[in-house]
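K.L.:
Next one to model:
(chains A and B)
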Amino acid sequence: MDPESAQPPEGERVSVAGRVMQLRLQGKACFAHIEDESARMQVWFKSDRIGDDAYEVVRLLDLGDIIGVDGVVTRTRRGEPTVLADALTLLVKSLRPLPEKWHGLQDQETRYRKRYLDLLSSDAQRRHFMARSAVVRALRSVLDSRGFLEVETPLLQPIAGGGSAVPFMTHWNSLDIDVFLRIAIELHLKRLLVGGYERVYEIGRVFRNEGLSPRHNPEFTMLEAYQAYANLDDMRELTETLVTTSAMALGPAHPEDGGSAPCDDPLLRRVGGTDLHLHPPFAVRRMVDLVRDATGIDAVAAWDELHDAAHGLGVEVAAQLSPGAVLLEIYEQRVEHTIWEPTFVVEYPADVTPLARRTPHDPRFVERFELIAAGRELANAFSELNDPVDQRQRFEEQARRRAAGDAEAPPIDEDFLEAIEVGMPPAGGLGVGVDRLLMLLTGASNIRDVLLFPTMRPQRQEPMQ
RNA sequence: GCCCCCUUAGCUCAUCGGUAGAGCAGCCGGCUUUUAACCGGUUGAGGGAGGUUCGAUUCCUCCAGGGGGCACCA
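P.N.:
Modelled structure (predicted):
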């Protein structure tokens, strides 16, 4: 049923198909509402019109059956456009009952595990996931229009690098070796920069062997984009455009999401009932300034006393942490969650960012920003490190942490080092957690509400009744 | 991994230390303009395993799944 043809003029012969959502059998006549992706339509079976044999089939219809109906458009006494049936085709029989027709499917677990039931019983849910698709399309359109090349790179990798996380491991039987599911896209996209592509991106799944939480799914969708010769200002502008274009693609927030007032501005989102303004330009703040404002600690001056400073704030940090890691810890515990309106936090400690260029004025910091909004990280970007000597040293530092028992520290990726030894142009790189972006834009508090099929613990297999 | 909460029929909800109740769906019957159609009848249940008790769905313990929070991250 096409929306335009959903209400054709009376008397017209039509052929419609859809799932039976309501049945009102009343002796020798029967009304039903059938539904497809676009619309709901009433059909009307009369035994004297359709014939006794066909009407016997009507009697046997169940909610959930998918039927085709040939008939003429008419209007009922109440004026509802209705297809008065001349013929019925049972396209498929539903063997299982539909969720309760009035309340719909309420049980959250069933909604996650059996999304098809959630979707078929809820118009709103179908629209919700179409919105996700629209946002991903918007991200692609921004990048495509700027000449970025969309590429696909390996998910199965001998070394899972490009981030700090425990990878999923699997086994390649014919070679009898263990391989890992990627935890980031980064290192392959940079190899493509070496290869001469100047703007590349990938939107794809990455996998991290971590626990489940309302904000974590073991597999999630990451956007990574790399632009040769771009600096951090370029990446900030790109990030802003990606976020605002996504919001526009989504359309205005719904009034029932809370907030100050109903509003048709798609850049005004609502998160947990509070307004969030996504109007560019977003604020830019240095991490050390944010930490100084919040705690009085001047991290640059007190670099070697940061452990004591953290202790004085009641921020617990492991004794072996580097000063930069302590600064990051203070920032994350005291500042990050307090940032509501979108803010680019710039200049991260070098020792927690092994793949970024150091700032020219202070080698303890790197050219990196994270976009924070509603207290959460939305995007992460840096000027990519293209000095192979520095890169090797940083990998070696990671490897030492790994040897010391840090399962999230990646091993040295010699193949990647060899690539950038050929020469990688200076470049800006950006990563966006697409599911998190969706959560922010739609106000979802659980990541499972933006994933069609969220990862669930397996249930014991129950026999079919 | 830790803490708190939840789990009653296919679905949506009640009740309760003493034979577990309803609506929808299902089944049987009636009804040729219904709209959560209606009317009559009817099938079906307390996540699993232990314990306390004369008696447990209810109280306790453990297990499983889910929700929320913490931790980690995106």
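K.L.:
Next, the buried residues of the longest helix seen in chain A.
P.N.:
In chain A, with assignment by DSSP state H, the single longest helix is helix A:123-145. By 16 or more other C-beta atoms under 10 Å, the buried positions in helix A:123-145 come out as A:Gln125, A:His128, A:Phe129, A:Ala131, A:Arg132, A:Val135, A:Val136, A:Ala138, A:Leu139, A:Val142, A:Leu143. C-beta here means a position set from N, CA and C on the backbone, and glycine is covered the same way.
K.L.:
Just give me the closest of those to A:Pro99.
P.N.:
A:Gln125 (11.6 Å; C-beta to C-beta).
K.L.:
correct me, but the closest one touches A:Leu119?
P.N.:
Yes. Assessed by C-beta atoms under 8 Å, A:Gln125 is found in contact with A:Leu119 at 5.4 Å.
K.L.:
shared neighbours of the two, anything?
P.N.:
Shared contacts of A:Gln125 and A:Leu119, defined by C-beta atoms under 8 Å, 6 or more residues apart in numbering, are absent.
K.L.:
quick one on the thing from earlier: just put the buried residues of helix A:123-145 in CSV and tack on distance to RNA strand B.
P.N.:
Output for those, formatted as CSV (distance: C-beta to the nearest atom of the strand, whole Å):
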residue, distance to RNA strand B
A:Gln125, 13
A:His128, 15
A:Phe129, 17
A:Ala131, 18
A:Arg132, 14
A:Val135, 15
A:Val136, 15
A:Ala138, 19
A:Leu139, 15
A:Val142, 19
A:Leu143, 18
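K.L.:
Check which residues of the host helix or strand of A:Val69 are buried.
P.N.:
For A:Val69, the host element (DSSP states H and E) is strand A:66-75. In terms of neighbour count (16+ other C-beta under 10 Å), strand A:66-75 has its buried residues at A:Ile66, A:Ile67, A:Val69, A:Asp70, A:Gly71, A:Val72, A:Val73.
K.L.:
Need the pLDDT of the first one.
P.N.:
A:Ile66 carries a pLDDT score of 95 in this model.
K.L.:
Next one: it from A:Met41, what distance?
P.N.:
According to C-beta to C-beta, to the nearest Å, A:Ile66 stands 13 Å off from A:Met41.
K.L.:
Which residues are in contact with each of the two?
P.N.:
By C-beta under 8 Å, 6+ apart, the residues touching both A:Ile66 and A:Met41 are A:Gly18.
K.L.:
count of residues packed around A:Phe45?
P.N.:
25 (other C-beta atoms under 10 Å).
K.L.:
for whatever helix or strand it lives in, the distance to its chain's centre please.
P.N.:
Per DSSP H and E: A:Phe45 is located in strand A:40-46. Per C-alpha atoms, centre = their mean, to the nearest Å, the displacement of strand A:40-46 from the mean C-alpha position of its chain is 39 Å.
K.L.:
partners of that strand in the sheet?
P.N.:
When pairing is defined by DSSP bridges, strand A:40-46 lines up against strand A:29-35 (antiparallel), strand A:81-92 (parallel).
K.L.:
Could you say which of those is packed most deeply?
P.N.:
Per-residue neighbour counts averaged over each of the strands paired with strand A:40-46 give the maximum for strand A:29-35, namely a mean of 20 (mean count of other C-beta atoms under 10 Å).
K.L.:
Using CSV, list the CA coordinates for that strand.
P.N.:
The C-alpha trace of strand A:29-35 is given here as CSV (Å, rounded to 0.1, in the frame of the first residue of the first chain):
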residue,chain,number,x,y,z
ALA,A,29,-19.7,-10.4,7.4
CYS,A,30,-16.3,-9.7,8.7
PHE,A,31,-14.2,-6.5,9.0
ALA,A,32,-10.5,-6.7,9.3
HIS,A,33,-7.7,-4.2,9.5
ILE,A,34,-4.6,-5.2,7.6
GLU,A,35,-1.3,-3.4,7.8
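K.L.:
what's the average pLDDT for that strand?
P.N.:
Mean predicted lDDT for strand A:29-35 stands at 95.
K.L.:
which other residues reach that strand?
P.N.:
A:16-24, A:40-47, A:55, A:58-59, A:61, A:67, A:69, A:82.
K.L.:
Over to stretch A:229-239?
P.N.:
So stretch A:229-239 is in contact with A:142, A:146, A:198, A:225, A:227, A:282, A:284, A:344, A:346, A:367-369, A:371, A:379, A:381-383, A:425-430, A:432, going by C-beta under 8 Å, 6+ apart.
K.L.:
Buried only: go through those for me.
P.N.:
For the contacts of stretch A:229-239, a neighbour count by 16+ other C-beta under 10 Å gives the buried set as A:142, A:198, A:225, A:227, A:282, A:344, A:346, A:367-369, A:371, A:379, A:381-383, A:425, A:427-430, A:432.
K.L.:
So which of those residues sit within helices?
P.N.:
A:Val142.
K.L.:
OK, contacts around A:Glu316?
P.N.:
Shown in contact with A:Glu316 (C-beta under 8 Å, 6+ apart): A:Ala310.
K.L.:
Helices of chain A, residue ranges please.
P.N.:
A:47-50, A:52-59, A:108-113, A:115-121, A:123-145, A:186-194, A:232-250, A:287-295, A:306-313, A:323-334, A:388-403, A:414-423, A:434-442.
K.L.:
would JSON lines of those helices with mean pLDDT and distance to A:Ser213 be doable?
P.N.:
Listed next are the helices of chain A as JSON lines, based on pLDDT from 0 to 100; distance: least, C-beta to C-beta, whole Å:
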{"stretch": "helix A:47-50", "mean pLDDT": "94", "distance to A:Ser213": "55"}
{"stretch": "helix A:52-59", "mean pLDDT": "93", "distance to A:Ser213": "49"}
{"stretch": "helix A:108-113", "mean pLDDT": "85", "distance to A:Ser213": "14"}
{"stretch": "helix A:115-121", "mean pLDDT": "87", "distance to A:Ser213": "20"}
{"stretch": "helix A:123-145", "mean pLDDT": "92", "distance to A:Ser213": "20"}
{"stretch": "helix A:186-194", "mean pLDDT": "95", "distance to A:Ser213": "24"}
{"stretch": "helix A:232-250", "mean pLDDT": "95", "distance to A:Ser213": "23"}
{"stretch": "helix A:287-295", "mean pLDDT": "92", "distance to A:Ser213": "25"}
{"stretch": "helix A:306-313", "mean pLDDT": "86", "distance to A:Ser213": "25"}
{"stretch": "helix A:323-334", "mean pLDDT": "88", "distance to A:Ser213": "16"}
{"stretch": "helix A:388-403", "mean pLDDT": "88", "distance to A:Ser213": "24"}
{"stretch": "helix A:414-423", "mean pLDDT": "94", "distance to A:Ser213": "31"}
{"stretch": "helix A:434-442", "mean pLDDT": "91", "distance to A:Ser213": "12"}
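K.L.:
These: which one's closest to A:Glu100?
P.N.:
Short answer: helix A:115-121, nearest of the helices of chain A by C-beta to C-beta, at 8.3 Å.
K.L.:
Can you list which of the contacts of stretch A:229-239 are found in strands?
P.N.:
Among these, the members found in strands (DSSP state E) are A:225, A:227, A:284, A:344, A:346, A:367-369, A:371, A:379, A:381-383, A:427-430, A:432.
K.L.:
No further questions, thank you.
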